[in-house]
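*Asks:* Predicted model and sequence below, questions to follow.
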4 protein chains.
Amino acid sequence: MQSTASPRANRGPAAAAENRRALIAAAREVYADGGLAAPFSAVAKRAGVGQGSLYRHFPDRTALAVAVFEENVAELEEYISGPDRTIDDLLDRVVAQAVESTALLALITADLTDPRVQPLGERFAVVVSSLVEREHRAGRIGDHIDAEDVTMAAGMLATELARTDPPARPAVAARARRLFAAAFAPR
Amino acid sequence: MQSTASPRANRGPAAAAENRRALIAAAREVYADGGLAAPFSAVAKRAGVGQGSLYRHFPDRTALAVAVFEENVAELEEYISGPDRTIDDLLDRVVAQAVESTALLALITADLTDPRVQPLGERFAVVVSSLVEREHRAGRIGDHIDAEDVTMAAGMLATELARTDPPARPAVAARARRLFAAAFAPR
Amino acid sequence: MQSTASPRANRGPAAAAENRRALIAAAREVYADGGLAAPFSAVAKRAGVGQGSLYRHFPDRTALAVAVFEENVAELEEYISGPDRTIDDLLDRVVAQAVESTALLALITADLTDPRVQPLGERFAVVVSSLVEREHRAGRIGDHIDAEDVTMAAGMLATELARTDPPARPAVAARARRLFAAAFAPR
Amino acid sequence: MQSTASPRANRGPAAAAENRRALIAAAREVYADGGLAAPFSAVAKRAGVGQGSLYRHFPDRTALAVAVFEENVAELEEYISGPDRTIDDLLDRVVAQAVESTALLALITADLTDPRVQPLGERFAVVVSSLVEREHRAGRIGDHIDAEDVTMAAGMLATELARTDPPARPAVAARARRLFAAAFAPR
DNA sequence: CATGAATGAGGGTTCATTCAT
DNA sequence: CATGAATGAACCCTCATTCAT
């Protein structure tokens, strides 16, 4: 039974929102550094927050991953909504997000049927669909390509980058992008 | 005091090679089932071998992964040496190997600079190079494709499959293969 | 920054008494359900009251248990004051109270020397004494039985029931009651 | 992931049986002292054994409790097998075992349907039955008493003692014994 | 050389308690 | 005076690794 408690500063409920944000940010850093093997508690430590608060905000790793990706997807949605966005732009953003998110991405792809995860996938699918349609109309991609092809490519790209050593990433990204560009090109 | 311990069957040195093989096979099964999170000791148990023997043969996970991939690469080398083998054939084999090996693949790609891992990468590169050259000559793939493109594609394909739910794998494999075929095709 | 916290309804001092009652009722339910292992905080949650209020009213588990038993004893006192009440009637009430109170009873019997607990024991002793005296005069119990015997029997009975599976309780209660009746009977 | 290991003495498999015994003995002490709330790990510490070994021998608290009671019941069986043993003798032994075992008894009575627990209950029932039969024939107990009455009494007695402060135990034991003697007596 | 028990550090999670709002 | 988030110590359990037999 826990008998001792020696709290060391309690910034009060006002800190809740701030803590939540700090935890999400910390999660990006921790999982980018240490991969999925990183202790869950490391997120709390990095965020400068008690473990209890981590669990209050995110009862498990998936909940945290979902929160991270919610931000990612929101960013994509907003970015893509700009005029003249292309699949290339999308992949740019994906590449940019890839590294910090990949360990978490592994978590999420591990259970796509989780009810918390599905909405994210759907939002991403919508982003891709609208882009693909636009690109088709513009004749910039071939008729043999559909939204799911692009989604899969984005996923592969992100994963590939995530497992690449940082210094090698630009080269790998370039090569992969070239490969997919070739695949997408109208025939 | 009378020892109650009864070390079950010590078949002597002769068993060493057999144990080694059993461990490698067990590793495939264990990591295919449980992912990288599977306890290392589960490999010993599945192989019907003591913990000590596991550590004697493979001092760490990477050593075991290398052994598994050595078999995989050897199989590829042999397979590819047949006449008329194409990149398509290679990818077929990669797909076949992907699932059981992926957890271990994650291990290996995590440290490609490990001196034990490099030779494997090189052997795989040789396999791919010879194929690519042949395919170029046959005009079956475009000039914009080099061996490293194919290597990367094989890696992405394997990973993508590994993280796909078994029932969905055939569809995913088909889609990915189509994508890469489009990418490789002569223009 | 705008606080997003929204302390739900602070009904002012008037609510204090009401909260206290709600907490006691919640304690019965929570500990009846989950045993002593139930988190203290569950009482607050069940009562629909903040943690702080729980601690304000009852600084520790024992304080809460004492409050519960104060109600129990008061009920017994009132019940017993009726005319023609017998030890049998007392045990009936004890049985009725047993289940919901037992986890808390364990708490209380764990430290009978606690100054908050003693008065309860004494009040219960008074209840029993008056009954025993009456029964002695009526010749319904033997001279070998004193108030402490009955007190102990009541305690054992309550505990025995509390640790019995609900469906088996009637049978167990009947058997125990028969046993004690035999013990109490005049010779 | 556990990365460091600094074992501090490994007496080898030969210690297994010895460790098992030490754990059972430690369990008696720990739970007698601290009640069921005692950390499971305290048993390992008190036994001078690693936590892992504790879990290897006894995967959960119930397994440990069963082992303790197996010894208790065996002792009762042996004791009772002597000539001229009476229910009084049985209760003497029960009283003697009560304190050290009660926290564990709470554990066991919490799930009597556990397949590991049932055999123990049955063995105890056999012990009691043979005694009761003998006492009936000797006319030392009334016809209104059956084996289950005695079993219940033994249980109540043990529990009552267990929750009594050590100094008060002799008096409580005496009183309870007197009560049950009165209940059992031929009419 | 094989076996498998022993070890104990570490990570996951819960919950008692405090305190800003 | 109420609320409920924050805190972190403690417990549970698993598993990597060693080593007596």
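*Replies:* The structure has been received and is ready for your questions.
*Asks:* Count the neighbours of the residue in chain A that chain B sits nearest to for me.
*Replies:* Scanning chain A for the residue nearest chain B gives residue A:183, at 3.7 Å (criterion: Cβ to the nearest Cβ). Glycine gets a C-beta too; all of them are placed from N, C-alpha and C. Counted by other Cβ atoms under 10 Å in any protein chain shown, the residues lying close to residue A:183 total 23.
*Asks:* Contacts only, for it.
*Replies:* Listed by Cβ atoms under 8 Å, 6 or more residues apart in numbering or on different chains, the contact set of residue A:183 reads A:145, A:149, A:153, B:179-180, B:182-183.
*Asks:* Who wins on neighbours among these?
*Replies:* Of all those, the highest neighbour tally under other Cβ under 10 Å goes to residue A:153, namely 28 neighbours.
*Asks:* For chain B, tell me whether the helix or strand encompassing that residue is touching it.
*Replies:* Using DSSP states H and E, the element containing residue A:153 is helix A:147-162. Yes: Helix A:147-162 reaches chain B (Cβ under 8 Å from any Cβ of the partner chain) through A:148-149, A:152-153, A:155-156, A:159-160.
*Asks:* One more: stretch A:81-94?
*Replies:* No: Stretch A:81-94 lies out of reach of chain B by Cβ under 8 Å from any Cβ, never closer than 13.3 Å.
*Asks:* now could you export just the CA positions of that stretch as CSV?
*Replies:* The C-alpha coordinates for stretch A:81-94 follow below in CSV (Å, rounded to 0.1, in the frame of the first residue of the first chain):
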residue,chain,number,x,y,z
SER,A,81,-6.4,22.9,-48.3
GLY,A,82,-4.2,25.5,-49.8
PRO,A,83,-4.6,26.1,-53.6
ASP,A,84,-2.5,24.2,-56.0
ARG,A,85,-1.4,21.5,-53.6
THR,A,86,0.0,18.4,-55.2
ILE,A,87,0.7,14.9,-54.2
ASP,A,88,4.3,16.0,-54.1
ASP,A,89,3.4,18.5,-51.5
LEU,A,90,1.6,15.9,-49.5
LEU,A,91,4.6,13.6,-49.6
ASP,A,92,6.8,16.5,-48.6
ARG,A,93,4.8,16.9,-45.4
VAL,A,94,4.7,13.2,-44.8
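*Asks:* what sits up against that stretch?
*Replies:* A:75-76, A:79-80, A:127-128, A:131-132, A:134-135, A:140-141, A:150, A:153-154, A:157-158, A:177, A:180-181, A:184.
*Asks:* chain center to that stretch: distance?
*Replies:* The chain centre lies 16 Å from the centre of stretch A:81-94; the measure is Cα atoms, centre = their mean, to the nearest Å.
*Asks:* Could I get the pLDDT score of residue A:16?
*Replies:* Listed pLDDT for residue A:16 reads 82.
*Asks:* Helices - which of the contacts of stretch A:81-94 land there?
*Replies:* A:75-76, A:79-80, A:127-128, A:131-132, A:134-135, A:150, A:153-154, A:157-158, A:177, A:180-181, A:184 (DSSP state H).
*Asks:* Is it possible to mark the buried ones in the residues you listed?
*Replies:* Burial by neighbour count, 16 or more other Cβ atoms under 10 Å in any protein chain shown: within the ones in helices among the contacts of stretch A:81-94 this picks out A:76, A:80, A:127-128, A:131-132, A:134-135, A:150, A:153-154, A:157-158, A:177, A:180-181, A:184.
*Asks:* Tell me the pLDDT of the closest residue to residue A:29 other than its chain neighbours.
*Replies:* Closest residue in space to residue A:29, ignoring its immediate chain neighbours: residue A:46 at 6.0 Å, by Cβ to Cβ, 6 or more residues apart in numbering or on different chains. You'll see residue A:46 listed with a pLDDT of 95.
*Asks:* Same question for the one 3 residues further on.
*Replies:* The per-residue pLDDT reported for residue A:49 equals 94.
*Asks:* so it touches residue A:19, yeah?
*Replies:* Yes: contact status for residue A:49 versus residue A:19: in contact at 5.1 Å, counting by Cβ atoms under 8 Å.
*Asks:* so where do the helices sit in chain A?
*Replies:* According to DSSP H, the helices that chain A contains are A:15-34, A:40-47, A:51-57, A:61-80, A:87-110, A:118-138, A:147-162, A:169-184.
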